[in-house]
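> Next one to model:
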Amino acid sequence: EPITVAAFGSSITEAKGGDFASSIEYLASKVQELPGHYLRFSGPYHAWGWLHDFMNAINTTYPHTGHVLLTNALAGQDVHYWGNRACLEAVMPRNIDLVVVESLT
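Residues are numbered from 1 along each chain as shown. So this is what the prediction gives:
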């Protein structure tokens, strides 16, 4: 089974977390499946970063073309931003295996 990871956070996650998917098209298709109205993943596709390295290690151990990391981060904001803006459930994938949270507090 593929592993889906969602990351929420601030600038550390936004700028240095990275993205992971078999292709940018696959990543975009996963974003479109989200039940909510808002997702800001870390700008252009970044095939590097501390979360990308984590996902690469998973993919090396358990290879699957369906593994995906959705990075939903915004500089200057922490997890409370997401919680106050809308229920986190509204911006998470329906089938999620792990949530990574960068907290400023």
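> distance of F20 from G76?
Using C-beta to C-beta, to the nearest Å, one gets 24 Å for the distance from F20 to G76. In this view, the C-beta of every residue, glycine as well, is placed from N, C-alpha and C.
> Between the two, which is the more surrounded one?
Per other C-beta atoms under 10 Å, whichever of F20 and G76 has more neighbours is F20, with 26 against 9.
> For beta bridges, what are the partners of the more buried one?
L69 (DSSP bridges).
> mind checking the SS state of N72?
Following DSSP: H, G, I helix; E, B strand; the rest coil, the label given to N72 is strand.
> I figured it hits G17, correct?
No. N72 is beyond contact range of G17, at 9.7 Å (criterion: C-beta atoms under 8 Å).
> any common contacting residues for those two?
Common neighbours of N72 and G17 (criterion: C-beta atoms under 8 Å, 6 or more residues apart in numbering): A7.
> what about those two, which has more around it?
Per other C-beta under 10 Å, whichever of N72 and G17 has more neighbours is G17, with 28 against 24.
> separation between the more buried one and T65?
According to C-beta to C-beta, G17 stands 21 Å off from T65.
> likewise G18?
Per C-beta to C-beta, G18 is found 18 Å from T65.
> With A15 instead?
In this view, A15 and T65 are 27 Å apart by C-beta to C-beta.
> Which one's more surrounded, those two?
Using other C-beta under 10 Å as the criterion, A15 and T65 rank with A15 on top: 14 against 11.
> And what about the more buried one, helix, strand or coil?
Three-state assignment for A15 (three-state DSSP): helix.
> separation between it and G49?
A15 sits 8 Å away from G49, taking C-beta to C-beta as the criterion.
> go on, G17?
Note on G17: its distance to G49, by C-beta to C-beta, is 5 Å.
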